[in-house]
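J.: Build the 3D model from these lines:
(one chain, ligands or ions: 2)
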Amino acid sequence: MIILPNYLSANFALITISVCQKILESAGVVEINARNLRFVDPFGMAMLGACLDEAKKQEYAIRVYELSPDLSGYLQRMNVITGIELVDCSQTMGTRRDRSDTLVELTRICNLSQVGDVSYSLAKAMAGVADHNEAPDEMTGYTACDRLMEPLQYALNELLENALTHARSGNTNARVWVASQYYPKKDLIRLAVVDNGCGFLESLKTHVKLRHQRHLEAILLALQPRISCNRDLGLRDDSVNQGVGLTTSCRISEHAGGRMILASGNAMHSTSGYSGESSEGYWQGVGIAMEVNRSRLSDIRVGGLLPALDDIPAVKLRFE
Ligand SMILES: Nc1ncnc2c1ncn2[C@@H]1O[C@H](COP(=O)(O)OP(=O)(O)OP(=O)(O)O)[C@@H](O)[C@H]1O
Ligand SMILES: [Mg+2]
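T.: Ligands and ions are numbered 1, 2, ... in the order given. Now for the predicted structure:
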């Protein structure tokens, strides 16, 4: 029996990953006790959802025991435990109130062609924009809701695109899960993008700037401007990728009073705190949690956060 901890969340990323690893290692039957579970954030939902999806794909029997009525209602609402047998759980599903302005259910994405639409609808929901008839600003041509949506849409687009391209090198079946929720009391939008692909280290293992073959180092390298597994292969202008998506998304979360947490392999890095490697948890792929203050989104101009063209970590030139 796998015992879930109190929290499945970005704040407890390593604990969340270690329990997810146990679910993935189960064979035939997955039995989970949720007696202690108190709180699940989008990172926890995307991670748990990814593992339950994989177990479902293998046609394992999955049983969740003693889930509290509140969480049972919430996780069903978020599509995390759809089709899963609940044992000793009192159900309080109730009516499905439309909360499309505060949460986005766990969504699995398999095609690159879905990225634009998904990023748009997630950004719209999380920015809480309802008024589409608003007149644009005469100077800029932007409406206030465009301003709120732009940074979120950019970041989601970049994270999802990474997860459906880089993550798939060597494993074309890798999939992506995304979930988000707005927490009004803290004015905080939390979103998570989780993939089960190759991970940062595998993607950057031959990059000249990677000094040690370690997951933490690969995460930190990927966050630097103009670092890409593609760009140093050719001339700058020919490059498929510019190595700016992750850096800019990270800058967006920090400028909006939030943070980014990245987990891959045995490592995790938080832009506001702990960074390290663990012997207890391992995630095959990349899990990213992003937090932003909703009210600060309108001050952000994505263009101003993009790394400049010469914002390139020095590479030694050799003339031989
Ligand atoms: N989900 C992922 N799985 C594996 N590797 C990743 C993932 N996301 C990013 N990376 C690695 O980190 C590098 C940096 O990512 P980033 O988004 O900043 O740049 P890019 O995607 O290469 O270029 P751009 O975003 O400008 O098109 C990528 O080139 C890739 O090597
Ligand atoms: Mg990218």
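J.: Which secondary structure elements does the lengthiest strand in the chain sit against?
T.: For the chain, the strand with the greatest residue count under DSSP state E is strand 283-293. When contacts are defined as 3 or more CB pairs under 8 Å, 6 or more residues apart in numbering; DSSP states H and E, strand 283-293 packs onto helix 13-25, helix 42-57, helix 144-164, strand 188-195, helix 199-204, helix 245-255, strand 259-265. Every C-beta, even on glycine, is put in place using the N, C-alpha and C of the backbone.
J.: Show me what whichever helix or strand comes after the fifth one is in contact with.
T.: What that stands for is helix 199-204. Following helix 199-204 in sequence order, the next helix or strand is helix 215-223 (DSSP states H and E). Identification of contacts with helix 215-223 by CB atoms under 8 Å, 6 or more residues apart in numbering yields 199-201, 203-205, 207, 209-211, 227, 246-247, 250, 262, 264-269, 275-277.
J.: can you map out the strands along the stretch 1-150 of the chain?
T.: For the stretch 1-150 of the chain, the strands defined by DSSP state E, counting those that start in this stretch cover 2-3, 7-8, 29-33, 39-40, 61-65, 85-87, 103-109.
J.: Show residues contacting the fourth one.
T.: Spelled out, it's strand 39-40. So strand 39-40 is contacted by N6, Y7, L8, S9, L48, L71, Y74, L75, V80 (CB under 8 Å, 6+ apart).
J.: The last one now?
T.: With contact meaning CB under 8 Å, 6+ apart, strand 103-109 is reached by 45-46, 49, 53, 77-80, 115, 118, 121-122, 125-126, 160, 163-164, 175-182, 191.
J.: what lines up beside that strand in the sheet?
T.: Pairing partners of strand 103-109, with direction, according to DSSP bridges: strand 176-183 (antiparallel).
J.: tell me which residues of the strand it pairs with are tucked away?
T.: V176, W177, V178, A179, S180, Q181, Y182 (16 or more other CB atoms under 10 Å).
J.: okay, those residues in TSV with distance to G281 next?
T.: Listed next are the buried residues of strand 176-183 as TSV, based on distance: CB to CB, whole Å:
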residue	distance to G281
V176	20
W177	17
V178	21
A179	20
S180	23
Q181	23
Y182	28
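J.: Closest one of those to G28?
T.: Lowest distance from G28 to these (CB to CB) belongs to W177, with 23.2 Å.
J.: From T247, how far off is the closest one?
T.: In this view, W177 and T247 are 23 Å apart by CB to CB, to the nearest Å.
J.: List the pairing partners of the longest strand of the chain within its sheet, with orientation.
T.: Sheet pairing of strand 283-293 (DSSP bridges) gives strand 188-195 (antiparallel), strand 259-265 (antiparallel).
J.: Do the longest one and ligand 1 come into contact?
T.: It refers to strand 188-195. Yes - Strand 188-195 reaches ligand 1 (CB under 6 Å from any ligand atom) through D195.
J.: in the stretch 151-300 of the chain, which ranges drop under the pLDDT threshold?
T.: The model of the stretch 151-300 of the chain has pLDDT under 70 over residues 231-239.
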